[in-house]
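>>> fold the following, please.
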Amino acid sequence: MQATDHTRTIAFDAFNRLSDKAAGERIVAARARLGKRAVLLCHHYQRADVYRHADLTGDSLKLARLASQSDAEFIVFCGVHFMAEVADILSRPEQIAILPDLAAGCSMADMANLAKVERCWRELGTVLNPDEEITPVTYINSAADLKAFCGEHGGIVCTSSNATTILDWAFAQRGKVLFFPDQHLGRWSGFKKGIPLDEMEIWNPDLEMGGLTPERIRKAKILLWAGHCSVHQMFQLNNIQRFRSEHPQGIVISHPECAFEVCHASDYVGSTEYILNTIKAGPPNTRWLVGTELNLVDRLAEEVKAEGKIVQFMATNICMCSTMQRIDPQHLAWTLENLAEGRVVNHISVPPHEARLAKVALQRMLDLS
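Sure thing, here's the model as predicted:
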């Protein structure tokens, strides 16, 4: 990821002192000046005082599509860095992808980097022929260079919406899958495809040969990278057990980034878009326990309250995507006012050779979805 700050930008310091209300007013004014030259994309996990300014909202797959379809000159991504990278890769060359705060990263994505994945590939090569026997699959929550790695090695990108479909494609290419960076999505998707748990091994990138013997590598159908989402790992089986004891008629729905035992104990498991659509389509006067990020749950609870639906957050502690929270009204106001003055800040630009290979892996996913 490269970030370009043009000279003579409006300093951020003055914006940092703004109240949320004042920043919101300046966002509205700057957007009016920009008109259709800028489009604001917001992920469902985005904080409410930023989310309300969005032109387009969705989960990772939906936003990837929307980024590729936008006609705007500037794609302002209120999400995290890998989302802005995807927007840059899929948009036209003359379009500019922008991330209002460069510190908005993803702890899961950081758990797999190119050096470790390339070392894994080399180590697997001492047991197998990876380019003939293993399809690399990277979750969209990953850096552009890992998507490029998959493009170069016959692999593909997946999202939580389409992971099982992607596994079908991956196994049609080769007999094994290396799935990174989220072990939980990989395990749940493999389980849904009927793969026994003992044929899904965790690859620990900090250990030689991933901590596995050659025999275990040969037996495994899926090698699961030892990564996870810091938000979804907070949800526990005992949260569900307590809810069911208190509300026997209640319904549990979870994101597949949750641990296997949480997914297995849930009534429904799916992406953020799936969670939203399922609860909105559910019967009135129902109670739901939801295992995903708090901003989404709170927003959804308000939307369906009039139907008598009660939407309850699964964890007992506050559990937000802390890096997504870095995109605040102050950073968004600063970004848009600079654009309105003709200055680009926080331009996300993936190197061309990397973008070309990453687009191969992303396009394989989009063609299947």
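>>> please make it C-alpha for all contacts and neighbour counts, starting now.
Will do.
>>> which residues in the stretch 1-150 of the chain form strands?
Ranges of strands in the stretch 1-150 of the chain, per DSSP state E, counting those that start in this stretch, are 2-4, 38-43, 56-58, 74-78, 96-98, 134-139.
>>> now do the last one: which elements does it pack against?
It refers to strand 134-139. Packed against strand 134-139 by the contact rule (3 or more Cα pairs under 8 Å, 6 or more residues apart in numbering; DSSP states H and E) you find helix 144-152, strand 156-158, helix 163-173, strand 176-180.
>>> who wins for proximity to Trp188 among those?
Taking Cα to Cα, helix 163-173 is the member of the helices and strands packed on strand 134-139 nearest to Trp188, at 8.9 Å.
>>> how about that closest one: buried residues?
Going by neighbour count (16 or more other Cα atoms under 10 Å), the buried part of helix 163-173 is 163-167, 169-171, 173.
>>> same question for stretch 225-239.
Those would be 225-237, 239, for stretch 225-239 by 16+ other Cα under 10 Å.
>>> as CSV, the helices and strands packed on strand 134-139 with mean pLDDT and distance to Arg17 would be great.
CSV is the format used below for the helices and strands packed on strand 134-139 (pLDDT from 0 to 100; distance: least, Cα to Cα, whole Å):
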stretch, mean pLDDT, distance to Arg17
helix 144-152, 98, 34
strand 156-158, 97, 40
helix 163-173, 98, 43
strand 176-180, 98, 40
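>>> helices and strands of this protein: which one bottoms out on pLDDT?
Counting by mean pLDDT, DSSP states H and E, the chain has its least confident helix or strand at strand 2-4, which shows a mean of 43.
>>> please parse this structure into its domains.
Domains of the chain are assigned by automatic domain parsing as 2-105+323-350, 109-230, 232-313.
>>> reformat those as CSV; add distance to Ala358.
Compiled in CSV, these are given as follows (distance: least, Cα to Cα, whole Å):
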stretch, distance to Ala358
domain 2-105+323-350, 7
domain 109-230, 4
domain 232-313, 23
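>>> before we move on, back to that, and of the buried residues of stretch 225-239, the nearest to Leu357?
The closest of the buried residues of stretch 225-239 to Leu357 turns out to be Trp225 (Cα to Cα; 21.5 Å).
>>> is that closest one bridged to anything, and to what?
Beta bridges link Trp225 to Trp203 when assigned by DSSP bridges.
>>> quick one: contacts for it?
Residues counted as contacts of Trp225 (Cα atoms under 8 Å, 6 or more residues apart in numbering) are 112, 178-183, 202-205.
>>> same deal with Leu61?
Neighbours of Leu61 in contact, by Cα under 8 Å, 6+ apart: 159, 161.
>>> what is the burial count for the nearest residue to Glu132 once chain neighbours are set aside?
Distance criterion Cα to Cα, 6 or more residues apart in numbering; nearest residue to Glu132, sequence neighbours excluded, is Arg174 at 6.6 Å. Counted with other Cα atoms under 10 Å, the neighbours of Arg174 add up to 17.
>>> what about the longest helix in the protein?
When the chain is parsed with DSSP state H, its longest helix is helix 352-368.
>>> pull out the buried positions in that one.
Under 16+ other Cα under 10 Å, the buried positions of helix 352-368 are 354-366.
>>> correct me, but the residue nearest to Glu132 touches Pro136?
No: taking Cα atoms under 8 Å as the definition, Arg174 is not a contact partner of Pro136, at 9.7 Å.
>>> average pLDDT across the helix or strand harbouring Glu215?
Using DSSP states H and E, Glu215 falls within helix 214-219. Across helix 214-219, pLDDT averages out at 98.
>>> from Phe179, how far off is the spatially most central residue of the chain?
For the chain, the residue nearest the mean C-alpha position is Asn141 (4.3 Å; Cα atoms, centre = their mean). Computed as Cα to Cα, to the nearest Å, the Asn141 to Phe179 distance reads 12 Å.
>>> one more: Trp203?
Applying Cα to Cα, the value for Trp203 to Phe179 is 9 Å.
>>> pull up the overlap in contacts between those two.
Both Trp203 and Phe179 are contacted by 223-225, under the criterion Cα under 8 Å, 6+ apart.
>>> of those, closest to Gly35?
Checking those against Gly35 by Cα to Cα gives Trp225 as the nearest, at 43.4 Å.
>>> could you measure from the closest one over to Gly190?
Trp225 sits 13 Å away from Gly190, going by Cα to Cα.
>>> over to Asn295?
Taking Cα to Cα as the measure, Asn295 falls 29 Å from Gly190.
>>> just the helices from the stretch 151-300 of the chain, written as ranges.
Residue ranges of the helices in the stretch 151-300 of the chain, as given by DSSP state H, counting those that start in this stretch, are 163-173, 183-192, 214-219, 237-246, 260-265, 272-281, 294-304.
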